[in-house]
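> Okay, sequence plus prediction incoming.
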Amino acid sequence: MNDRLEIAGDPDEAVRGVTDGSTVLIGGFGPAGLPVALVDALRRGGAHDLTVVSNNAGNGTTGLAALLAAGQVRRIICSFPRQRDSFVFDELYRTGRIELEVAPQGNLAERIRAAGAGIGAFYTPTGAGTLLAEGKETRMIDGREHVLEHPIRGDIALIRAHRADRMGNLVYYKTARNFGPIMATAAALTVAEVDQVVPTGTLDPETIVTPSIYVDRVVVTSRAVA
Amino acid sequence: MNDRLEIAGDPDEAVRGVTDGSTVLIGGFGPAGLPVALVDALRRGGAHDLTVVSNNAGNGTTGLAALLAAGQVRRIICSFPRQRDSFVFDELYRTGRIELEVAPQGNLAERIRAAGAGIGAFYTPTGAGTLLAEGKETRMIDGREHVLEHPIRGDIALIRAHRADRMGNLVYYKTARNFGPIMATAAALTVAEVDQVVPTGTLDPETIVTPSIYVDRVVVTSRAVA
Amino acid sequence: MNPDRRPLDRRELAARVARDIPPGAYVNLGIGLPTTVASYLDPSAGIVLHTENGMLGMGPEAHGDDIDHDLLNAGKVPVTELPGAAYFHHADSFAMMRGGHLDVCILGAFQVAVNGDLANWHTGAADAIPAVGGAMDLAIGAKSVYVMMDLFNFARDGTPKLVRACTYPLTGRACVTRVYTRHAVFHIDSAAVRLVETFGIGGDELALRLDIPLVIEGEHGA
Amino acid sequence: MNPDRRPLDRRELAARVARDIPPGAYVNLGIGLPTTVASYLDPSAGIVLHTENGMLGMGPEAHGDDIDHDLLNAGKVPVTELPGAAYFHHADSFAMMRGGHLDVCILGAFQVAVNGDLANWHTGAADAIPAVGGAMDLAIGAKSVYVMMDLFNFARDGTPKLVRACTYPLTGRACVTRVYTRHAVFHIDSAAVRLVETFGIGGDELALRLDIPLVIEGEHGA
């Protein structure tokens, strides 16, 4: 409900209510679209035993990597954990201190979309016959093997957008859009970190990417520079 | 491939190549977004035994109704054939001269999207336990019955958009958007009837709804008035 | 009880439904009777209307120069756009419905059963042309499904439309949460049908005429 | 045969791949070696680059003031935007890939098998951290999958990387249509591996060193 749209005063207020054991969807593809201020607030908030769903598993020592380093994440679902500067994750993984589920990136995206779209499960050709389909139900459709994949729902989604209006309609900026629009649909509570909040009616209705119905809280932060 | 984008001189040229027995996806929700000039050209082209996929089954005596009246459509897949002025369809149906598959509107839309998105099949709660799920495979997911639904692919999609650039990127106009963006992804050949073709680079990349990869031909026609 | 009060007229019914829609709710109004509720929503309550053909923030029906045949509601009637509106395609619109994001949808009905089953798309008559539109998606998708209908089938034989089990083909199972009629308002949950309010008829008489298990608590009627 | 010609260098290899991309094609260039192909595409050919993180119409790498950390390619390198570009979210981007809309994708590989099986995401080593990204979606989604790789594993034991059957974990089955190496170009279809062109090595010698069934037709080499 849009009168529930809350324009939070700071990132800590924006992420309040995240409890131990929550599943947190975190937008971003590398640094682009990563809601750094919200992830930092999540770390300061101290919730533990989190399941994090995000494309990557953190870079360097800040943002998602800092959350991992703080030992707050029990499990991560992502497509590409290993990167040149993913040493925080690498160390946790190698020492058995974090669970990892690797999903092909398109299956990860489609599973998040499915959660938001009320799709119970879907058959995808991606990953069929590979290690990532092991133990999964499969079916031949039109002569091609498909894997049954299930939705990924979040208790909370933390995303970065460009502008919000006061109802919560969102537009994005270039490739920082990435997982934001689908994660916004897939969580019980969606929080967007934005560059600017503009008056309702300012955004062209033809260009809104995330309609207000999907957004519960916004917080204005200065653009992160990677 | 975008060098295949063809700016057709007229609607007849735009629909050439539709053969007997083709499956034709036709955009529109009632009159909004119905590519009237392309449907008229399809009728003039004379292809028979068509399967038409469209939300409605024609209104009055023009457009889709005229195509049906000409006896060119063997089968229609739609969500809402019966309307106040659907007498052409009603008569064909009651006299057994057209096959009808009724699908819940959301399943129709999702099946078209699935075809474009390479999804082999999906489970939806919509229609479970109703006549429209009869004979379909079902599965309990999280305690709720779901119906297995399959993609709907087209040989050709006829849609209406607002503007195209010379690569084929499309933007739409208000609720005329409806089925256009998903049908564009789901057919081997996509033809868009537009108000205007503008130079490439004129449309804001953040606002493009249908990327050029999905569009093969465009034709400029004056806006239909219902 | 206030059995002396007359049944609601259609406008009062629409206003009664409107009163139960929470401020800020995202709402879909079905074709026909439910559409009339729009006129009774408090403009300051921030309620946002969804139309299945791809829009949030739908405004009132368009008149005169405001009519645009590319800006229609689900009943194909020209409407207007409010500040904060957004357009989206059909798969996104029905993802919004199926995904449980709408707070309330209001539908007409042929029959509602005591377990919340809804029948509103097909009379089952042999010569009827089936046409479902978005009814099944709305029935199973919204957080709350309100039905607006006559309590008795006045057009035919006067039999109740709130029934033990639907005899018409179903639209959705166990999905209706509230039933609004000119004679009474009912709340349905997994346990029972509860009488919320009556208009011009007593609760006991209603229970008798409906022939369904009905929970009647305390006083009803305004 | 022109066995005297030397093997291609990396730039020649990128140019050779670029030559096989049809005008107007929609193309995804994988991370690493495939990225180098971009520099050799004819700017007048209207080839449109896709990046999995939500963009069509990607331009060259950004430098200086053009660098924008919200405009990245799949390798997280800042890039630029060309006229006619479009942005979309991740589900739409991978729908485009999975749905068979890209004409060509170019990938690196650990191994390619004679039936077109691709292994490029995981060495299978016990201590390796699995990371797949969009590789599996690209492998099964594009109309044509071109692989660019060394023909022999020079980093290890010099064994061939075009093999009878992959020993590394698969990325996708029977998906590779062309293999481009410094020594030769191969075409793979359901029937056979066909030698298209060689550089600095004879076809017969190649067949011997690879130990795979290889169709050699007429003359090869430039």
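Received, thanks.
> what's the distance between the residue in chain C sticking out farthest from the centre and C:Pro78?
Using CA atoms, centre = their mean, the residue of chain C lying farthest from its centre is C:Asp65. It sits 30.6 Å away. Distance, C:Asp65 to C:Pro78, by CB to CB, to the nearest Å: 11 Å. Where you see a C-beta, it was placed from the backbone N, CA and C, and this is true even at glycine.
> Equivalent analysis for C:Cys105, please.
Counting by CB to CB - C:Cys105 and C:Pro78 are separated by 22 Å.
> Between the two, point out the one with more neighbours.
Applying other CB atoms under 10 Å in any protein chain shown to C:Cys105 and C:Pro78 shows that C:Cys105 carries more neighbours, namely 27 against 18.
> quick one, phi/psi of the more buried one?
phi -130, psi 150 (degrees, to the nearest 10).
> can you map out the helices along the chain?
You didn't pick a chain, so chain A it is. A:11-14, A:36-45, A:64-69, A:87-94, A:105-117, A:180-186 (DSSP state H).
> I was thinking of chain C, sorry if that wasn't clear
C:10-19, C:90-98, C:135-141, C:203-210.
> Which among the ones you listed is found nearest to D:Gly57?
The closest of the helices of chain C to D:Gly57 is helix C:90-98. By CB to CB, the value is 22.7 Å.
> So is the closest one next to chain D?
No - under the criterion of CB under 8 Å from any CB of the partner chain, helix C:90-98 makes no contact with chain D; the nearest approach is 10.1 Å.
> distance of the residue of chain A most remote from its centre from D:Leu214?
Distance from the C-alpha centroid of chain A, by CA atoms, centre = their mean, peaks at A:Gly143 (34.1 Å). From A:Gly143 across to D:Leu214, the span is 28 Å (CB to CB).
> ditto for A:Glu206
55 Å.
> Also A:Met183?
Distance from A:Met183 to D:Leu214, by CB to CB: 48 Å.
> cool, C:Ala125 as well?
Computed with CB to CB, the distance linking C:Ala125 and D:Leu214 is 69 Å.
> what about stretch A:25-33, start to end distance?
13 Å (CA to CA, to the nearest Å).
> again, but for stretch C:151-165
Stretch C:151-165 end-to-end distance (CA to CA) = 15 Å.
> Run through the residues of chain C sitting next to chain A.
Checking chain C against chain A by CB under 8 Å from any CB, the hits are C:22-26, C:45-46, C:48, C:50, C:55-57, C:81, C:83-88, C:95-103, C:141.
> same thing but 7 Å
Residues of chain C lying near chain A by CB under 7 Å from any CB of the partner chain: C:22-26, C:46, C:48, C:56-57, C:81, C:83-88, C:95-96, C:98-101, C:103, C:141.
> of those, buried ones?
The neighbour-count test (16 or more other CB atoms under 10 Å in any protein chain shown) applied to the residues of chain C next to chain A identifies C:24-26, C:46, C:48, C:56-57, C:81, C:84-88, C:95-96, C:98-99, C:101, C:103, C:141 as buried.
> Any stretches of chain C with poor pLDDT?
Low-confidence segments of chain C (pLDDT under 70): C:1-4, C:218-222.
> meant to ask about chain A
Checking chain A against pLDDT under 70 turns up A:1-3, A:223-226.
> As a check, name the ranges of all strands in it.
Secondary structure of chain A (DSSP state E): strands at A:6-7, A:23-26, A:50-53, A:73-78, A:99-102, A:121-124, A:138-141, A:144-149, A:154-160, A:163-165, A:170-171, A:187-194, A:196-198, A:217-220.
> Out of those, which is the most enclosed?
Among those, strand A:154-160 has the highest mean neighbour count (mean count of other CB atoms under 10 Å in any protein chain shown), at a mean of 28.
> And the contacts of that one?
With CB atoms under 7 Å, 6 or more residues apart in numbering or on different chains as the test, strand A:154-160 has contacts from A:15, A:18, A:22-28, A:33-35, A:38-39, A:42, A:53, A:176, A:180, A:183-184, A:186-193.
> Now do the contacts for the residue found closest to C:Gly99 once you drop the neighbours it is linked to in the chain.
Counting by CB to CB, 6 or more residues apart in numbering or on different chains, C:Gly99 lies nearest to A:Gly118, which is 4.0 Å off, once chain neighbours are set aside. Neighbour list for A:Gly118: B:125, C:95, C:98-100, C:141 [criterion: CB under 7 Å, 6+ apart].
> At the contact with chain B, which residues of chain C appear?
Checking chain C against chain B by CB under 7 Å from any CB, the hits are C:52-55, C:68-72, C:76, C:87, C:89-91, C:94, C:97-98, C:122, C:129-134, C:136-137, C:140, C:169-171, C:173.
> Now intersect those with the strands, please.
C:55, C:87.
> Just the buried residues from the residues of chain C next to chain B, in ChimeraX please.
ChimeraX command restricting those to the buried ones, with burial defined by 16+ other CB under 10 Å:
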select /C:52,53,54,55,68,69,70,71,72,76,87,89,90,91,94,97,98,122,129,130,131,132,133,134,136,137,140,169,170,171,173
